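1. Below: sequence and its predicted model.
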Amino acid sequence: MPVFEYKGLTRDGRSTKGIIDADSQRAARMKLKKDGVYVTEFKDKKKATDRSGKRRKAVRGKNVPVRDLALMTRQLATLLKANVPLVDSLAAVAEQVENPTLSEATAEIRNSVNEGGQFHKALGRYPNIFSTTYVSMCEAGETSGTLDVILIRLAEFTEAQNELRTRIRGALTYPVIMLVFVVALLSFLFIFVIPQMVTVFESAPNLTLPWYSQIVIDFSGLMVNYWYLMAGGLFTFWLLFINWKRTPRGKTQWDAISLRLPLFGEVNRLVAVSRFTRTLATLLNGGVPMLVAMQIVRNVVDNEIIAKAVDDARSNISEGESISGPLKKSGQFPPIVIHMVNIGEKTGELETMLLQVADAFDFQVKNKVETLTGLMGPVVLVIMGGVIGLIVMAILVPMFEMTNLAG
């Protein structure tokens, strides 16, 4: 069924726009007129997309904010729970969603389902919007007839992940701003202030500069005369680092380093384990088979070292053994995780135990991030004060000596 984009005016004179599906343009106009919308602009969205062939690819290549995806998922779950057919639910959500990329994707998914396609396969055409976890859970819900329940769990899962990500970003905002301010201030001192003082010092031929003053002046000279080389060197180093991280060996080595970093290593491990436990619990609750769930989860943790432990656990499961053994042997999972998983396997409440671990670890991540960011502010201030103090001393001591020589 064709999909049309429209702009118009409501009966009370307000501007409105959206997407509507109908058998023809005339039917769409009649439908809008019945709803009290006077159409001012009308466009066959499907024809425009098919004509260029680029728009659909652009939609599939775009990402959408997690909060928009969570809201769309919850709206769709609510409609399905109210016994609204899937096609009608998707059409309603496509009109309701404010994000244009997600709205277009939902409308195209609705068309695919209306033509007899499977919902989860239609979702799979947009990997940048709907993750493997999302698609797999929808497949399980579609197969078992519990899609509304699965979508509610997906919404809760997506919202929890978004909350954790937002919390970490918010906590890091202040230290990052402080660091940028320090770098900008020091750059200003080295490039503009110190060269002016060097001119003053050169006017006193008998002045002997202390070693620390000479170091500050030499570094200032490097920044003034060779800033492009320094900037180019930093940029080259960054490119080499990014390319190294993208290689299989480099990613594995970096993931190992990230788990051993002072202070931040423990947070990285807690975040990865929290993702593992919450995603696995969500998948199992959604009816996804254990082996398939473990395959999906190994990509969610985003750490090759922990993913290797998950792969070993998956191999154990395929041979009829437990999950907890390989996780313990890897040494990458805290003892509490091994203990809870072991209890969950024995009692048949693995999903519940995994969710409890995820909640506990999310709480730990919150506390540790707040502690770290609370420490980073004073540390940055101390470093800034030390560097600026050195610069001031490097300038004032020679100034006092010049005064003595003049006397």
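-> Ah, there it is.
2. What are the buried residues along the helix or strand hosting Val297?
-> Counting by DSSP states H and E, the element that carries Val297 is helix 290-300. Going by neighbour count (16 or more other CB atoms under 10 Å), the buried part of helix 290-300 is 290, 293-298, 300. All C-beta spots, glycine's among them, are computed from the backbone N, C-alpha and C.
3. Please apply the same query to stretch 305-318.
-> 305-314, 316-317.
4. List the ones among those that fall in strands.
-> Among the buried residues of stretch 305-318, the subset assigned to strands under DSSP state E is empty.
5. ok, and what's touching the helix holding Val297?
-> Identification of contacts with helix 290-300 by CB atoms under 8 Å, 6 or more residues apart in numbering yields 131-133, 136, 275-276, 279-280, 283-284, 288, 307, 310-311, 313-314, 317-318.
6. Next step: the residues you listed restricted to helices.
-> In this view, the contacts of helix 290-300 that belong to helices under DSSP state H are 132-133, 136, 275-276, 279-280, 283-284, 307, 310-311, 313-314, 317-318.
7. from the residues you listed, which two are the most distant?
-> Using CB to CB, the two most remote members of the ones in helices among the contacts of helix 290-300 are Arg275 and Ser318, lying 22.4 Å apart.
8. Now the helix holding Val297 - C-alpha only, PDB.
-> Taking only C-alpha atoms (Å, rounded to 0.1, in the frame of the first residue of the first chain), the coordinates of helix 290-300 have been written out as PDB:
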ATOM      1  CA  MET A 290      20.400 -20.200  25.200                       C
ATOM      2  CA  LEU A 291      23.000 -20.900  22.400                       C
ATOM      3  CA  VAL A 292      21.600 -18.100  20.200                       C
ATOM      4  CA  ALA A 293      21.400 -15.700  23.100                       C
ATOM      5  CA  MET A 294      25.100 -16.400  24.000                       C
ATOM      6  CA  GLN A 295      26.100 -15.700  20.400                       C
ATOM      7  CA  ILE A 296      24.300 -12.400  20.500                       C
ATOM      8  CA  VAL A 297      25.600 -11.400  23.900                       C
ATOM      9  CA  ARG A 298      29.300 -11.900  22.900                       C
ATOM     10  CA  ASN A 299      28.900  -9.000  20.500                       C
ATOM     11  CA  VAL A 300      27.100  -6.800  23.000                       C
END
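9. gap between it and the chain center?
-> Computed by CA atoms, centre = their mean, to the nearest Å, the chain-centroid distance of helix 290-300 equals 20 Å.
10. give me phi/psi at the residue nearest the centre of the chain?
-> With distances taken as CA atoms, centre = their mean, the residue of the chain nearest its centroid is Arg165 (6.5 Å). The phi and psi values for Arg165, taken as degrees, to the nearest 10, are phi -60, psi -40.
11. give me every residue that touches it.
-> Contact partners of Arg165, counting by CB under 8 Å, 6+ apart, are Val66.
12. Spatially, what comes nearest to Leu350 if we skip its sequence neighbours?
-> Residue nearest to Leu350 in three dimensions, not counting chain neighbours: Gly344, with 3.5 Å by CB to CB, 6 or more residues apart in numbering.
13. separation between that neighbour and Phe42?
-> 56 Å (CB to CB, to the nearest Å).
14. When these two are compared, which one has more neighbours?
-> Neighbours were counted for Gly344 and for Phe42 using other CB atoms under 10 Å; Gly344 has more, 22 against 15.
15. so where does the more buried one fall, helix or strand?
-> According to DSSP H and E, Gly344 maps onto helix 335-347.
16. now swap in Phe201 and tell me
-> Assigned by DSSP H and E, Phe201 falls in helix 194-202.
17. Following the chain past that helix, name the next helix or strand.
-> Once the chain leaves helix 194-202, the next helix or strand it forms, by DSSP H and E, is helix 211-225.
18. And for the helix or strand just after that following helix, what's in contact with it?
-> Downstream of helix 211-225, the next assigned helix or strand under DSSP H and E is helix 227-246. Applying CB under 8 Å, 6+ apart, the set of residues contacting helix 227-246 from outside is 191, 222-223, 250-251, 254.
19. quick one: pLDDT of Lys31?
-> As predicted, Lys31 sits at a pLDDT of 80.
20. what do you get for Asp255?
-> At Asp255, the pLDDT value in this model is 90.
21. Any regions of the stretch 101-250 of the chain where pLDDT drops low?
-> Filtered on pLDDT under 70, the stretch 101-250 of the chain yields the residue ranges 171.
22. The same query, at a cut-off of 90, please.
-> Counting by pLDDT under 90, the stretch 101-250 of the chain shows low-confidence ranges at 101-105, 107-108, 111-118, 120-121, 124-231, 245-246, 248.
23. Just the angle for whichever strand or helix holds Thr352 relative to helix 211-225, thanks.
-> Using DSSP H and E, Thr352 maps to helix 350-406. Orientation of helix 350-406 against helix 211-225 (axes from the mean of the first three to the mean of the last three CA atoms, to 10 degrees) gives an angle of 110 degrees.
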